[in-house]
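**Student:** Sharing a model that was predicted from the sequence below.
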Amino acid sequence: MKPHVTCLMISSVDGRLHPSRYTESPDGTRKDWSAAYEQQHDALGGDAWLVGRVTMAEMSKASAHPPASPGAVERPLHVATRADSYAVAVDRSGKLHFDGGTLSGDHVVVLLGADVPDAHLAELAGDGVSYIVSDAREIDFAAALETLAEAFGISTLLLEGGGGINGALLAAGVVDELQVLVAPALDGGDKVEGIVTLGAEGLAGKVRLSLLGADTKPHGMVLLRYAVTV
């Protein structure tokens, strides 16, 4: 059984996800809104959080350091350790690098595509990072989430990625709930990423949202909660 997945995002009124671009508001500041997001993250109490490669690269800035002699590597699964909390990264081609097995105190698990080279897997294992390799070039999110539950004991996961990763997991039918903290601000930029993107095909016909609640929050924010069904 897969973990319960809640997609948690912060958004401007026009659906954009980068607070650094938001207009100012008399009801709050970017710092206030970011703090409110972190409070909601903590309140949900997930066993793990998941982001895409670009978001994770902003947090882990290590350079490539593959071992000189990789030797044999484990596929499709390497469990470096079990932990109380996890940071999960989606990195199909193996471009992320780490300088240890934890990030902000959370054990790192990387989801990879089938064509990732052995040298990269050896690098991850040497750094104490766990990983799951998909059986195809594109990651099977349903299978990966089941492995996260079975191998690591993850029962609740917070999806906090960029719009592309959010869209991919929603399209895969593995997201159970969507929570959006809407800040009293606008972005207005052209071709700026929204909280959910899936290219030209979009999500029409793939998911349905049912309102669970709408709560007023401090600093002019509103929390929208939706159940997600396929």
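**Tutor:** Looks like it arrived, so ask away.

**Student:** Around His120, count how many other residues there are.
**Tutor:** Residues lying near His120 (other CB atoms under 10 Å) number 22. In this view, the C-beta of every residue, glycine as well, is placed from N, C-alpha and C.

**Student:** From Asp127, how far off is it?
**Tutor:** 11 Å (CB to CB, to the nearest Å).

**Student:** In the protein, what residue spans correspond to helices?
**Tutor:** Using DSSP state H, the helices of the chain run over 30-44, 53-59, 118-126, 141-152, 163-171.

**Student:** ok and the last one relative to helix 141-152, angle-wise?
**Tutor:** Computed by axes from the mean of the first three to the mean of the last three CA atoms, to 10 degrees, the angle separating helix 163-171 from helix 141-152 equals 90 degrees.

**Student:** Can you list the neighbours in contact with helix 163-171?
**Tutor:** For helix 163-171, the surrounding residues in contact (CB atoms under 8 Å, 6 or more residues apart in numbering) are 5, 7, 9, 17, 50-52, 55, 90, 141, 159, 161, 175, 193-199, 203, 206-207, 228.

**Student:** Can you list the low-confidence ranges for the chain?
**Tutor:** Within the chain, not a single segment meets pLDDT under 70.

**Student:** residue nearest the centroid of the protein?
**Tutor:** The centroid of the chain falls nearest to Val51 when counting by CA atoms, centre = their mean (2.3 Å).

**Student:** Ignoring the adjacent residues along the chain, who's closest to it?
**Tutor:** Gly161 (4.5 Å; CB to CB, 6 or more residues apart in numbering).

**Student:** Tell me who's in contact with that neighbour.
**Tutor:** Going by CB under 8 Å, 6+ apart, the list of residues near Gly161 reads Leu50, Val51, Gly52, Thr55, Val90, Leu169.

**Student:** Which of the residues you listed ranks first by neighbour count?
**Tutor:** For the contacts of Gly161, neighbours tallied by other CB under 10 Å; top is Leu50, 30 neighbours.

**Student:** Identify the bridge partners of the closest residue to it other than its chain neighbours.
**Tutor:** Nearest non-adjacent residue to Leu50, counting by CB to CB, 6+ apart: Val88, 4.1 Å away. For Val88, the beta-bridge assignment (DSSP bridges) gives partners Leu50, Val109.
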